[in-house]
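**Q** Just need the structure, nothing else, for what follows:
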Amino acid sequence: MTIPSSYYELAHQVPACVASNTGRLYAQFAKDMREGTHFTPDFVHDGARHKLLDTLETSSRTGMVKKLG
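**A** Here you go, the predicted model:
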């Protein structure tokens, strides 16, 4: 499978190191902010995932069905 070159659009802006994935994430987030796009997960996305995992954990621990929302 060939990775599209667009995935590397911001790669030249981030130095190659251990934290390069984080650097690319921040660069894409900044681009989303500038262009009004939503390609990078943000804090709202993180909050929704956290709530989902918390609900799954509670349901598993208690054996009760929990609804999201």
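
**Q** any idea which helix or strand of the protein has the worst average confidence?
**A** One helix or strand of the chain scores below all others by mean pLDDT, DSSP states H and E: helix 20-35, with a mean of 84.

**Q** Low-confidence regions, this structure specifically.
**A** Flagging of the chain using pLDDT under 70 yields the residue ranges 3, 5-16, 18.

**Q** Let me know the secondary structure of the residue nearest the centre of the chain.
**A** Centroid-nearest residue in the chain: residue 41, 3.3 Å away (criterion: Cα atoms, centre = their mean). Under the three-state scheme (DSSP: H, G, I helix; E, B strand; the rest coil), residue 41 adopts coil.

**Q** Next, it: phi, psi?
**A** Dihedral angles of residue 41 (phi, psi; degrees, to the nearest 10) stand at phi -60, psi 140.

**Q** Pull up the gap between it and residue 67, please.
**A** Relative to residue 67, residue 41 is positioned 24 Å away (Cβ to Cβ, to the nearest Å). From N, CA and C alone the C-beta is placed, and that goes for glycine too.

**Q** And the least confident helix or strand of the chain, how far out from the chain middle?
**A** Chain-centre distance of helix 20-35: 11 Å, with Cα atoms, centre = their mean, to the nearest Å.

**Q** before we move on, what about stretch 57-65?
**A** Using Cα atoms, centre = their mean, the offset of stretch 57-65 from its chain centre is 26 Å.

**Q** can you dump the C-alpha coordinates of that stretch into CSV?
**A** Taking Å, rounded to 0.1, in the frame of the first residue of the first chain, the C-alpha atoms of stretch 57-65 are listed here in CSV:
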residue,chain,number,x,y,z
GLU,A,57,-15.5,0.7,32.1
THR,A,58,-18.5,1.5,34.4
SER,A,59,-20.7,-0.8,32.4
SER,A,60,-18.2,-3.6,32.6
ARG,A,61,-17.5,-3.1,36.3
THR,A,62,-21.2,-3.0,37.3
GLY,A,63,-22.7,-5.3,34.7
MET,A,64,-25.3,-2.7,33.9
VAL,A,65,-26.2,-1.3,30.5
